[in-house]
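K.L.:
sequence first, predicted coordinates after that:
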Amino acid sequence: MTPASTQPAAPARPFPLRRGLAVAAAIVAFQAMVLWLMGRVPICTCGIVRLWTGAVISAENSQQITDWYSFSHLIHGFLFYLLFRLLLPKAPLGLRLIPAVSLETLWEIVENSPWIIERYRAATISLHYFGDSILNSVSDTLVATLGF
């Protein structure tokens, strides 16, 4: 019997990308639930779901699937990829995806908190802005994931 110190280390268990995607999907579901509990509307109160809305000064901005702000979330994904590539260089992609999606989810929840929305409305002329729809917020997280 050989001493434990001379035995080769067990190979690291792989962390497949699909496992990272499954965890990310659970995080996004959690995001949707938290936004629902915060009183966010599921879809635009106009009752129409659009893939894109390009009118920034509109009641549908931040309510539809994508809008001009979606591009900033794509950049979040690029930056999160770079950050976690630098912080966790040997970690598999699926494992680095989890903190990236978690950060974007945290961003979306904080951004849609009543305190932030009221501060935004007080500091801008957007008095008709009441926060993102859940659809838009989840879409922003998915766009960031795509950027990642």
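P.N.:
On my side now, so go ahead. What you see is a predicted model, and the numbers here were worked out from it, not measured in a lab. Numbering: from 1, shown residues only.

K.L.:
which residues sit in contact with Thr53?
P.N.:
Neighbouring residues of Thr53 by Cβ atoms under 8 Å, 6 or more residues apart in numbering: 60-61, 63-64, 66-67. (Glycine included, C-beta is placed from N, CA and C.)

K.L.:
as CSV, those residues with pLDDT and secondary structure would be great.
P.N.:
Converted to CSV, the contacts of Thr53 look like this (pLDDT from 0 to 100; DSSP: H, G, I helix; E, B strand; the rest coil):
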residue, pLDDT, secondary structure
Glu60, 92, coil
Asn61, 89, coil
Gln63, 96, coil
Gln64, 97, coil
Thr66, 98, strand
Asp67, 97, coil
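
K.L.:
closest one of those residues to Phe15?
P.N.:
The shortest approach to Phe15 among those belongs to Thr66, at 30.2 Å (Cβ to Cβ).

K.L.:
which residues of the protein fall in helices?
P.N.:
Taking DSSP state H, the helices of the chain run over residues 17-37, 70-87, 93-111, 114-123, 134-147.

K.L.:
re the thing from before, which one of the contacts of Thr53 sits closest to Gly54?
P.N.:
Closest approach between the contacts of Thr53 and Gly54, by Cβ to Cβ: Asp67, at 7.2 Å.

K.L.:
much appreciated, bye for now.
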